[in-house]
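Asker: Return atomic coordinates for the entry below.
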Amino acid sequence: MNQMKYSNQTDDVYGIKSVDSKKKTFVLWREVVMAYAAPAIMAGIGGGGSADRGLQIAALTTIGGASALMALMIGLLLRSRVGHLRWVIGAPHLVVVGVFAMAGSLFGLYAAWVASVVVEIMIPSIHLAWVDRVWIDFPLSGFIASTIVTWRWRLPVTTNFSSKRRR
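Answerer: Numbering: from 1, shown residues only. Reported below is the predicted structural model:
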């Protein structure tokens, strides 16, 4: 009698599940896109719900733009040597996120100051409404973007660092 051999099809399924899928990687361009889209959408919804045309415009310009720029800068900073410093890797997660969130807020305040001074120098006689908004938009966008990017960057770094430490 000729017996047919049937392969056990569950072996392949379990083999796929055993691959280390817990490792997440930090991809900067995805973080920058999300840093633009998330606050822009939320502020746009808020502006639409309250019928505030200024908030709808700011959602796409100062809010989303400042968030994306801050995410890019913090992401590049974390991928550089700063991200490899011992205190950044070894300190508790919330401490590192808090430090970078405060730094993002302070940079947002500085950027708002620079933007308002530059506009005042370039166009001294015209008062633009969006210049008043940057004092809220830039620091808040810096805080939120820095918090999220640092939080998401820190997760794979601590996972990789702790697995290296065990070896």
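
Asker: for this protein, what spans make up the strands?
Answerer: Remark: strands of the chain are absent; assignment by DSSP state E.

Asker: low-confidence ranges in it?
Answerer: 1-24, 157-167 (pLDDT under 70).

Asker: Repeat the analysis, applying 80 as the threshold.
Answerer: The model of the chain has pLDDT under 80 over residues 1-26, 81, 83-84, 124-131, 155-167.

Asker: Residue for residue, what is the longest helix it has?
Answerer: helix 129-166 (DSSP state H).

Asker: Tell me the helices and strands packed up against that helix.
Answerer: Other elements packing on helix 129-166 under the criterion 3 or more Cβ pairs under 8 Å, 6 or more residues apart in numbering; DSSP states H and E are helix 28-49, helix 53-58, helix 64-79, helix 86-90, helix 93-122. To be clear about C-beta, it is placed using only N, CA and C from the backbone, and glycine gets the same treatment.

Asker: Of those, flag the one that's most buried.
Answerer: Each of the helices and strands packed on helix 129-166 was scored by mean neighbour count; the highest is helix 64-79, a mean of 22, by mean count of other Cβ atoms under 10 Å.

Asker: what's that helix in contact with?
Answerer: 26, 28, 31-40, 43, 83, 88, 100, 104, 107-108, 111, 134, 137-138, 141-142, 144-146, 148-150, 153 (Cβ atoms under 8 Å, 6 or more residues apart in numbering).

Asker: that older thread, how about the helices and strands packed on helix 129-166, which one is nearest Trp130?
Answerer: Closest approach to Trp130 among the helices and strands packed on helix 129-166 is made by helix 53-58 (6.7 Å; Cβ to Cβ).

Asker: quick one: that closest one to chain centroid distance?
Answerer: Its chain's C-alpha centre and that of helix 53-58 lie 22 Å apart, by Cα atoms, centre = their mean, to the nearest Å.

Asker: Return the distance of Ile144 relative to Gly64.
Answerer: Ile144 sits 11 Å away from Gly64, going by Cβ to Cβ, to the nearest Å.

Asker: now do Ala37
Answerer: For Ala37 relative to Gly64 (Cβ to Cβ), the value is 7 Å.

Asker: Adding distance to Leu128, write the helices and strands packed on helix 129-166 out as CSV.
Answerer: Formatted as CSV, the helices and strands packed on helix 129-166 follow (distance: least, Cβ to Cβ, whole Å):
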stretch, distance to Leu128
helix 28-49, 18
helix 53-58, 11
helix 64-79, 16
helix 86-90, 39
helix 93-122, 6
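
Asker: for the nearest residue to Gly142 once chain neighbours are set aside, what are its contacts?
Answerer: Nearest in space to Gly142, with sequence neighbours left out and distances taken as Cβ to Cβ, 6 or more residues apart in numbering, is Gly108 at 3.0 Å. The contact partners of Gly108, taken as Cβ under 8 Å, 6+ apart, are Ala66, Met70, Phe138, Pro139, Leu140, Ser141, Gly142, Phe143.
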